[in-house]
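Visitor: coords please:
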Amino acid sequence: MKERTEKHKEQSIHYLENAFKFIDGGNSEKASEFLWGSMTQALKAVASGKEIRLKSHRQIWDYARELSKSLNDKDIFDQFLYANSLHSNFYESELTVEDVAILADGIKSTVAKLLELVSEEKQEQGA
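Guide: Have a look, this model is predicted:
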């Protein structure tokens, strides 16, 4: 599981970096999909650290909601919902780069928070 957790974490960071490159390049659709990917990979990293595998959109959705509740952090699920709307933007192309950039900062903060949970779990397991 440790390898899978690290893989999800690295992929989340990679997608987040690409999202901001595409925002800078003016491509809202690609940036949207990378932000969605970053969020889902961060959630998968947290779940994997708890030996949970998320294989479907529904499982990711449910996990985001439950994690948000268990941590008493409404922002996790709210930002997940924003990321989900960006996922739709990849196909629908309705949002401008400015719209995506506005949502990107909150998603970036939440991804950082999720990845910090992975780091904390590693420290607890090593102690």
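
Visitor: pLDDT below threshold where in the protein?
Guide: By pLDDT under 70, the low-scoring segments of the chain are 1, 89-91, 121-127.

Visitor: again, 90 this time
Guide: Where the chain drops to pLDDT under 90, the residues are 1-2, 85, 87-95, 119-127.

Visitor: Enumerate every residue touching the most centrally placed residue in it.
Guide: For the chain, the residue whose C-alpha lies nearest the mean C-alpha position (Cα atoms, centre = their mean) is M39; its distance is 0.8 Å. Applying Cβ atoms under 8 Å, 6 or more residues apart in numbering to M39 gives the contacts 12, 79-80, 83, 107, 110-111. Bear in mind the C-beta positions are built from the backbone N, C-alpha and C, glycine included.

Visitor: what about the strands in the chain?
Guide: For the chain, no strands are identified by DSSP state E.

Visitor: What is the lengthiest helix in it packed up against?
Guide: Longest helix of the chain, by residue count under DSSP state H: helix 97-126. In terms of contacts (3 or more Cβ pairs under 8 Å, 6 or more residues apart in numbering; DSSP states H and E), helix 97-126 is packed against helix 2-24, helix 28-49, helix 74-92.

Visitor: what's the angle from the second one to helix 97-126?
Guide: Direction vectors for helix 28-49 and helix 97-126, defined by axes from the mean of the first three to the mean of the last three Cα atoms, to 10 degrees, enclose an angle of 10 degrees.

Visitor: Tabulate the CA atom coordinates of helix 28-49 in CSV.
Guide: Extracted as CSV, the C-alpha positions of helix 28-49 are listed here (Å, rounded to 0.1, in the frame of the first residue of the first chain):
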residue,chain,number,x,y,z
SER,A,28,-9.3,26.2,-19.3
GLU,A,29,-10.4,22.7,-20.4
LYS,A,30,-7.0,21.0,-19.8
ALA,A,31,-6.5,23.0,-16.6
SER,A,32,-9.9,21.8,-15.4
GLU,A,33,-9.2,18.2,-16.0
PHE,A,34,-5.8,18.4,-14.3
LEU,A,35,-7.4,20.0,-11.2
TRP,A,36,-10.0,17.3,-11.1
GLY,A,37,-7.2,14.7,-11.4
SER,A,38,-5.1,16.3,-8.7
MET,A,39,-8.0,16.2,-6.3
THR,A,40,-9.0,12.6,-7.0
GLN,A,41,-5.4,11.4,-6.7
ALA,A,42,-5.0,13.2,-3.4
LEU,A,43,-8.1,11.5,-2.1
LYS,A,44,-6.9,8.2,-3.4
ALA,A,45,-3.6,8.8,-1.6
VAL,A,46,-5.3,9.4,1.7
ALA,A,47,-7.6,6.4,1.2
SER,A,48,-4.7,4.2,0.2
GLY,A,49,-2.8,5.1,3.4
